[in-house]
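K.L.:
give me a 3D structure for the following:
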Amino acid sequence: MALGACAGGGGSSATMPAPPPPPPSSSPPPSATGTDVLTYKNDLSRSGQNPTESTLTPANVTPATFGLLRVLSVDGKVDAQPLYVSKLAVGGAPHNVLIVATEHDSVYGLDSDTGATLWKVSLLGSGETLSDTHGCGQVTPEIGITSTPVIDRGAGAHGTVFVVAMSKDASSAYHQRLHALDLVTGAELLHGPVEISATFPTAGGGTTTFSPGQYEERAALVLTNGTIVTSWTSHCDIPPYSGWIIAFAENSLARTAILNVGPNGDAGPAIWMSGGGPAVDSAGNIFLLTANGAFETALDTSGFPQHGDFGNSFLKLATTGGTLTVADYFTMSNEVAESAADRDLGSGGALLLPDMKDAAGAVRHLVIGAGKDGNIYVVDRDSMGKFSAAANAIWQLVTGALPGGIWSTPAYFNGSVYYGDANSTLKAFSVTNAKLSSAPQSQSSTHFTFPGTAPSVSANGGANGIVWAHENSNPGVLHAYDAANLATEIYNSNQAAGGRDQFGPGNKFITPTVADGKVFVGATGGVAVFGLLH
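P.N.:
Alright, predicted model coming up:
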């Protein structure tokens, strides 16, 4: 099936027929079928898997047969995951199109087979410049488009790309805007863009106001049931900031809902997730992880923090009635201590596991997440456990499983969860009877420098599984591992003689995108394209 905003483990904004499996070759011209990657990590469960890859196999992903085909140069850092649209009709001919957003506030439509630029647009307003770094070294040297966009192939005349861009005007005022771009031309749609603004009530009867300069959109955009959901983080931990989640109608860009999950303080929680997107289940509930920040250990009669501040928490957001509300949550028993020590849960992203039976035969609906404390938290989405200072009332806690801490997002494939903690190995945890193994079943020999690695997986159904991982080094390295045993590395981009496959310095929070026989890796000044050598 097509892997994108309207497929996988979440609600959809449009119903599209599932295309047949991809073609046996990635060489141009495009054939009649293909795979789409329309949202961060392929689907709304954020699994990171593409199970329709019939070209790349462990047998042919070797230095002799696989390597760097080209680097697609763009005008800034590529922090957002590149998205892929197969067989898109442009100028009367089908093209496999890569959508690339940069920190220079540009969006490109690139032919992934030839490298040609089909279109490019700048999202800077007249007389505007890129945002400065606000004295924070996390996004440098400029801030434009940081979060991964989302695409709806069924919206508008040709499909639509939704993207958030930051800028600064001549009077030094900052702007955050939501854009809707024509997928074929890059033209602005829906009379956009729209300025992102919001207010939210505080416990004392006042209001807090969204200040565009204090925030950046780091977490990937969400498209679910006709709604675009944005979530916001700070520049480093520079106050004031809080936990904004702001939703917009896909068909008009009108703001539809506002939620602040830390409205009563000036130091969080923000929503980071190392670029990961909030996940969505089949009922339209949104799941995300918050970072360190305020949390009231005094609970109301429903067991929720009495003033609505949810630091270091798993949140389940209901979207019924066009609103955003916290329907359920889990917060670790030592939240206050972890927040005080800057030990974010929300430094990692959430992943929804597929439905699975426990040892008693009951079906479990689970969400997993991990952060700086190195634990893996497995939470029952139907009863998340809320907060107790005495114990963590969750489905499973895998203590100390990720000793380097997590600044990345996991992936899932064929009964295994893959995590790459910082300055440590890429690890595979098996899932049996709806519980993770207490220790990795396999791991890489490579230790990944900060921030670790955010893996993705390609496979043909359940066969030929390959785990792809980016190493943030100089030069950056693309690694490929046997999904059944991470001790078996089948390829890395440093192996070929003469630096044939090297693509320049690495970058943070990079997830390889795999589709139709190619692997796309965001870099500091472009996108590296890997595939079979011809």
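K.L.:
could you use CA atoms for every contact and neighbour count after this?
P.N.:
Will do.
K.L.:
show the contacting residues for residue 279.
P.N.:
10, 44, 45, 46, 222, 286, 287, 288, 350, 351, 352 (Cα atoms under 8 Å, 6 or more residues apart in numbering).
K.L.:
hmm, 7 Å instead?
P.N.:
44, 45, 46, 286, 287, 288, 350, 351, 352 (Cα atoms under 7 Å, 6 or more residues apart in numbering).
K.L.:
swap in residue 207?
P.N.:
Going by Cα under 7 Å, 6+ apart, the list of residues near residue 207 reads 199, 200, 201.
K.L.:
please pick the buried ones from the residues you listed.
P.N.:
residue 200 (16 or more other Cα atoms under 10 Å).
K.L.:
is residue 288 in contact with residue 317, as I believe?
P.N.:
No - counting by Cα atoms under 7 Å, residue 288 does not reach residue 317; the two are 8.4 Å apart.
K.L.:
those two - which one has more neighbours?
P.N.:
Here residue 288 and residue 317 are set side by side on neighbour count (other Cα atoms under 10 Å), and the busier one is residue 288, at 27 against 20.
K.L.:
what about that one, is that helix, strand or coil?
P.N.:
Under DSSP: H, G, I helix; E, B strand; the rest coil, residue 288 falls in the strand class.
K.L.:
so what sits opposite it in the bridge?
P.N.:
With DSSP bridges as the criterion, residue 288 is bridged to residue 315.
K.L.:
show the model's pLDDT score for it.
P.N.:
In this prediction, residue 288 carries a pLDDT score of 98.
K.L.:
same question, the one 4 residues further on
P.N.:
Note for residue 292: predicted pLDDT of 96.
K.L.:
give me the number of residues near it?
P.N.:
Residue 292 has 29 nearby residues by other Cα under 10 Å.
K.L.:
what does residue 144 give?
P.N.:
Quick note: residue 144 (other Cα under 10 Å) scores 29 neighbours.
K.L.:
the one 4 residues further on too?
P.N.:
By other Cα under 10 Å, the residues close to residue 148 number 30.
K.L.:
would you agree it is in contact with residue 42?
P.N.:
No - Residue 148 lies out of contact with residue 42 (Cα under 7 Å); the separation is 11.4 Å.
K.L.:
list the residues that contact the spatially most central residue of the chain.
P.N.:
Nearest to the mean C-alpha position of the chain, by Cα atoms, centre = their mean, lies residue 276 at 2.8 Å. Shown in contact with residue 276 (Cα under 7 Å, 6+ apart): 219, 220, 349, 409.
K.L.:
which one of the residues you listed sits in the busiest neighbourhood?
P.N.:
residue 409 (34 neighbours).
K.L.:
from residue 455, how far out is that residue?
P.N.:
7 Å (Cα to Cα, to the nearest Å).
K.L.:
same check on residue 364?
P.N.:
For residue 364, the distance to residue 455 - Cα to Cα - is 24 Å.
K.L.:
compare neighbour counts for those two and give me the winner.
P.N.:
Taking other Cα under 10 Å, residue 364 and residue 455 do not tie; residue 455 has more neighbours (29 against 20).
K.L.:
distance check, that one against residue 463.
P.N.:
18 Å.
K.L.:
likewise for residue 133?
P.N.:
44 Å.
K.L.:
show me what contacts residue 373?
P.N.:
With Cα under 7 Å, 6+ apart, residue 373 has these contacts: 343, 405.
K.L.:
over to the one 5 residues further on?
P.N.:
In this structure, residue 378 makes contact with 366, 367, 368, 369, 394, 395, 396, 397, judged by Cα under 7 Å, 6+ apart.
K.L.:
following the helix or strand that contains it, which helix or strand shows up next?
P.N.:
For residue 378, the element it lies in under DSSP states H and E is strand 376-380. Where DSSP H and E defines the elements, the next helix or strand beyond strand 376-380 is strand 396-398.
K.L.:
how distant is that following strand from the center of its chain?
P.N.:
Between the centre of strand 396-398 and the centre of its chain there are 23 Å (Cα atoms, centre = their mean, to the nearest Å).
K.L.:
partners of it in the sheet?
P.N.:
Here, using DSSP bridges, strand 396-398 pairs with strand 376-380 (antiparallel).
K.L.:
where in the stretch 1-150 of the chain is pLDDT low?
P.N.:
1-32 (pLDDT under 70).
K.L.:
quick one: the strands in it?
P.N.:
Secondary structure of the stretch 1-150 of the chain (DSSP state E, counting those that start in this stretch): strands at 49-50, 66-73, 83-90, 93-101, 106-111, 117-122, 150-152.
K.L.:
mind checking which of those is nearest residue 195?
P.N.:
strand 117-122 (16.2 Å; Cα to Cα).
K.L.:
burial of the residue nearest to residue 473 when sequence neighbours are not counted, as a residue count?
P.N.:
Distances taken as Cα to Cα, 6 or more residues apart in numbering put residue 506 closest to residue 473, at 5.1 Å, once the chain neighbours are dropped. Number of residues near residue 506 (other Cα under 10 Å) recorded here: 20.
K.L.:
next one: the one 10 residues further on
P.N.:
When counting by other Cα under 10 Å, one arrives at 27 neighbours for residue 516.
K.L.:
surely it and residue 53 touch.
P.N.:
Yes - using Cα under 7 Å, residue 516 makes contact with residue 53 at a distance of 6.2 Å.
K.L.:
any idea how far apart the tips of stretch 283-298 sit?
P.N.:
Stretch 283-298 end-to-end distance (Cα to Cα) = 30 Å.
K.L.:
equivalent analysis for stretch 200-214, please.
P.N.:
Using Cα to Cα, the two ends of stretch 200-214 sit 16 Å apart.
K.L.:
what's the mean pLDDT across that stretch?
P.N.:
96.
K.L.:
now stretch 490-502
P.N.:
Rounded mean pLDDT across stretch 490-502 is 98.
K.L.:
mind checking how far it is from the chain centre?
P.N.:
27 Å.
K.L.:
next: stretch 386-394.
P.N.:
The answer for stretch 386-394 is 28 Å, by Cα atoms, centre = their mean.
K.L.:
in the stretch 401-534 of the chain, which spans are strands?
P.N.:
411-413, 416-420, 424-432, 435-436, 442-448, 456-460, 463-471, 477-482, 485-492, 513-515, 518-522, 526-532.
K.L.:
which helices and strands does the third one pack with?
P.N.:
Packed against strand 424-432 by the contact rule (3 or more Cα pairs under 7 Å, 6 or more residues apart in numbering; DSSP states H and E) you find strand 416-420, strand 442-448.
K.L.:
tell me the most buried of the ones you listed?
P.N.:
strand 416-420 (a mean of 25; mean count of other Cα atoms under 10 Å).
K.L.:
only C-alpha atoms, please: export that strand in PDB.
P.N.:
Taking Å, rounded to 0.1, in the frame of the first residue of the first chain, the C-alpha atoms of strand 416-420 are listed here in PDB:
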ATOM      1  CA  SER A 416      11.500  -6.100  16.300                       C
ATOM      2  CA  VAL A 417      11.900  -2.600  17.600                       C
ATOM      3  CA  TYR A 418      15.000  -0.800  16.600                       C
ATOM      4  CA  TYR A 419      16.600   2.000  18.700                       C
ATOM      5  CA  GLY A 420      19.900   3.900  18.300                       C
END
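K.L.:
which residues does the closest residue to residue 46 other than its chain neighbours contact?
P.N.:
Nearest residue to residue 46, sequence neighbours excluded (Cα to Cα, 6+ apart): residue 351, at 5.5 Å. Neighbouring residues of residue 351 by Cα under 7 Å, 6+ apart: 45, 46, 47, 279, 367, 368, 369, 410.
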